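Enquirer: Pasted the sequence and its predicted model underneath.
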Number of protein chains: 2
Amino acid sequence: MKYVHGYHQRENIRLQDQASTLVELLHSDTHYPAGSRVLEAGCGVGAQTVTLAANSPEALITSVDISDRSVAIAQKTIEDAGHTHVRFQQGDIFNLPFEPESFDHIFVCFVLEHLARPVEALSRLKTLLKSGGTITVIEGDHGSAYFYPDSESARRAILCQVALQKRAGGNANIGREVYPLLNGAGFHDVRVSPRMVYVDSSKPGLVEGFTKNTFTAMIEGVREPAVADGLIDEKTFDDGIQALYRTAEADGVFCYTFFKAIGKK
Amino acid sequence: MKYVHGYHQRENIRLQDQASTLVELLHSDTHYPAGSRVLEAGCGVGAQTVTLAANSPEALITSVDISDRSVAIAQKTIEDAGHTHVRFQQGDIFNLPFEPESFDHIFVCFVLEHLARPVEALSRLKTLLKSGGTITVIEGDHGSAYFYPDSESARRAILCQVALQKRAGGNANIGREVYPLLNGAGFHDVRVSPRMVYVDSSKPGLVEGFTKNTFTAMIEGVREPAVADGLIDEKTFDDGIQALYRTAEADGVFCYTFFKAIGKK
């Protein structure tokens, strides 16, 4: 598959090991060739767009999001980064204003987790893809989080995030499902490459960058709605957060897995 | 580290991806050089000894186990396989009959999970290791098992195995702890290489060989003691086993992670 340089599973896993940051782990093996038309579906505020644009400097990228406001922020972020090969547009993933088979490749990162009908979303996206084109999907899975020292309170705090996301129609444990989801939408040759983030104190960059500032910070962010909705009491939640920070100490270990899948039309 | 050919983390992970069987995934990057003295502590009936001996045909391997009966079975297995470079001996890992610094390398696979005092066991083994020698530890972690479709009954059946192992003084979730355990015993330069087994129906060998015949079969094996000890009722357990087999179907996914660590004295 020449259009995605290095998208070879062994190469992926080599990259996975080299990666010292989450961005490298997830994105460093996705490169779209010059002139290819790429749709980023669900760009949000452009957190992934920056990397996508930098890794495929000669592709023609179209990034869409349902939120006007997010699109505006993403556009500014990309302009500030000096990229001129990304155009932005507001749009609903279930009803995008593009002709069938408009794109060579589609990129969907941390989007399906928020949708109540992910297979339908993928099916709609498939109509926009040229025959022979690829879709790349990246999703996390909160059920893949485990750690040392283990903590019942930490597990309960994480389950609050899962429950709130479910209540909002999403699925925080969707990573493990990318294989059946892509097959369910009719893609073929689906290959899944799990990206396990293993963090111990021999990897200080990941201790700070992932365990503390990404995962634990994210869980910490649901304190108010979780307590307000009666999912957990304040003390248990706070104990859980403290226990998650505890896994970032010298003898601690934190594990989490993202799933990256590629399928063909 | 020339004594362990290919024990380079990237190479490991490449091998991990190539592996179509659990044996390859766990063992194919461990090779001890000609003439090196290797202690396999806790050989059981020789399940790992066969691979260890085949991968290091010119090392001098000493395999010990606390059970006389297991040692006899292991010895016959190795003799039947035609290996002549392994000697067997009954012995307690906490009190082995060897002089200090007798070995260049120590190999411990699926042993610490059964011990109430794993750090003490590692410390005892350390005295038997020459300065500059390595210890290799491989352990599973049942808390790393998750799957699609998810199933509360399946999770409860797995927790029976965890509870029974804990009751017997062991720890079925020890894999995530190998980093602190090796550091706690005073080894240095400890590096952990997780070996995630990701199984979907594009990998039929692992569906049969791992999801069904290794993991689910193991959980199925605790039905009687789990029910007898009141940990679970028969229906829930049987539903759980059925749900684990369900993950081996065309749209199913099963994930499990082993942890391989190497430390130096």
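Expert: Perfect, I can see it now.
Enquirer: What parts of the stretch 101-250 of chain A come near chain B?
Expert: A:141, A:143-144, A:146-148, A:150, A:173, A:176-177, A:179-180, A:183-184, A:190-192, A:194, A:196, A:198, A:200-202 (CB under 8 Å from any CB of the partner chain). Any C-beta I mention is one placed from the backbone N, CA and C, and that applies to glycine too.
Enquirer: So which of those are in strands?
Expert: A:146-148, A:190-192, A:194, A:196, A:198, A:200 (DSSP state E).
Enquirer: hey, where'd the strands end up in the stretch 151-265 of chain A?
Expert: A:188-200, A:253-264 (DSSP state E, counting those that start in this stretch).
Enquirer: quick revisit: please convert the ones in strands among the residues of the stretch 101-250 of chain A next to chain B to TSV, extending it with distance to residue B:222.
Expert: Formatted as TSV, these follow (distance: CB to CB, whole Å):
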residue	distance to residue B:222
A:146	21
A:147	25
A:148	24
A:190	34
A:191	34
A:192	30
A:194	27
A:196	27
A:198	28
A:200	30
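Enquirer: and which of those is nearest residue A:58?
Expert: Set against residue A:58, the nearest of those by CB to CB is residue A:191 (25.1 Å).
Enquirer: okay but residue A:166 is in contact with residue A:159, surely?
Expert: No - at 10.1 Å, residue A:166 does not count as touching residue A:159 under the criterion of CB atoms under 8 Å.
Enquirer: Can you dump the C-alpha atoms of the helix or strand where residue A:64 lies in PDB for me?
Expert: According to DSSP states H and E, residue A:64 maps onto strand A:60-65. Taking C-alpha atoms only, strand A:60-65 is exported to PDB below (Å, rounded to 0.1, in the frame of the first residue of the first chain):
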ATOM      1  CA  LEU A  60      -5.000  17.800   0.100                       C
ATOM      2  CA  ILE A  61      -6.700  17.600   3.400                       C
ATOM      3  CA  THR A  62     -10.400  18.500   4.200                       C
ATOM      4  CA  SER A  63     -11.200  18.600   7.900                       C
ATOM      5  CA  VAL A  64     -14.800  18.700   9.000                       C
ATOM      6  CA  ASP A  65     -16.500  18.900  12.400                       C
END
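Enquirer: Who are the packing partners of that strand?
Expert: strand A:37-41, helix A:49-55, helix A:68-80, strand A:86-90 (3 or more CB pairs under 8 Å, 6 or more residues apart in numbering or on different chains; DSSP states H and E).
Enquirer: Please produce CSV containing the ones you listed, extended by mean pLDDT and mean neighbour count.
Expert: Formatted as CSV, the helices and strands packed on strand A:60-65 follow (pLDDT from 0 to 100; neighbours: other CB atoms under 10 Å in any protein chain shown):
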stretch, mean pLDDT, mean neighbour count
strand A:37-41, 98, 25
helix A:49-55, 95, 20
helix A:68-80, 95, 16
strand A:86-90, 98, 18
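Enquirer: hey, C-alpha coordinates of the longest helix along chain A in CSV?
Expert: In chain A, with assignment by DSSP state H, the single longest helix is helix A:152-167. What follows is helix A:152-167 as a C-alpha-only set of coordinates in CSV (Å, rounded to 0.1, in the frame of the first residue of the first chain):
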residue,chain,number,x,y,z
GLU,A,152,-10.8,0.1,43.5
SER,A,153,-11.4,3.8,43.9
ALA,A,154,-9.4,4.6,40.7
ARG,A,155,-11.3,2.0,38.8
ARG,A,156,-14.6,3.5,40.1
ALA,A,157,-13.5,7.0,39.0
ILE,A,158,-12.7,5.7,35.5
LEU,A,159,-16.1,4.0,35.3
CYS,A,160,-17.7,7.4,36.0
GLN,A,161,-16.2,8.7,32.8
VAL,A,162,-17.4,5.5,31.0
ALA,A,163,-20.9,6.0,32.4
LEU,A,164,-21.1,9.7,31.5
GLN,A,165,-19.9,9.0,27.9
LYS,A,166,-22.5,6.2,27.6
ARG,A,167,-25.2,8.5,28.9
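Enquirer: before we move on, the earlier item: could I get the strands of the stretch 151-265 of chain A as TSV with mean neighbour count?
Expert: Compiled in TSV, these are given as follows (neighbours: other CB atoms under 10 Å in any protein chain shown):
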stretch	mean neighbour count
strand A:188-200	21
strand A:253-264	23
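Enquirer: Output these in TSV, with distance to residue B:242 and mean pLDDT appended to each entry.
Expert: Converted to TSV, the strands of the stretch 151-265 of chain A look like this (distance: least, CB to CB, whole Å; pLDDT from 0 to 100):
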stretch	distance to residue B:242	mean pLDDT
strand A:188-200	24	95
strand A:253-264	25	97
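Enquirer: could those strands be laid out in CSV, adding distance to residue B:68?
Expert: What follows is the strands of the stretch 151-265 of chain A, written out as CSV (distance: least, CB to CB, whole Å):
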stretch, distance to residue B:68
strand A:188-200, 38
strand A:253-264, 36
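Enquirer: closest one to residue A:100 among those strands?
Expert: Among the strands of the stretch 151-265 of chain A, strand A:253-264 sits nearest to residue A:100 (CB to CB), with 16.6 Å.
Enquirer: Neighbouring strands - and their directions - for that closest one?
Expert: Within its sheet, strand A:253-264 is paired with strand A:129-139 (antiparallel), strand A:146-148 (antiparallel), strand A:188-200 (antiparallel), according to DSSP bridges.
Enquirer: buried sites along the first one?
Expert: Pointing back at strand A:129-139 there. Of the residues in strand A:129-139, A:129, A:133-139 count as buried by neighbour count, 16 or more other CB atoms under 10 Å in any protein chain shown.
Enquirer: got a pLDDT number for residue A:14?
Expert: Residue-level confidence at residue A:14 comes out at 43, pLDDT.
Enquirer: give me phi/psi at the residue nearest to residue A:120 when sequence neighbours are not counted?
Expert: Using CB to CB, 6 or more residues apart in numbering or on different chains and skipping the chain neighbours, the partner closest in space to residue A:120 is residue A:94 (6.9 Å). Backbone geometry at residue A:94, expressed as degrees, to the nearest 10, gives phi -90, psi 0.
Enquirer: can you pull the pLDDT of residue A:94?
Expert: 96.
Enquirer: Equivalent analysis for the one 5 residues further on, please.
Expert: At residue A:99 the predicted local distance difference test score is 97.
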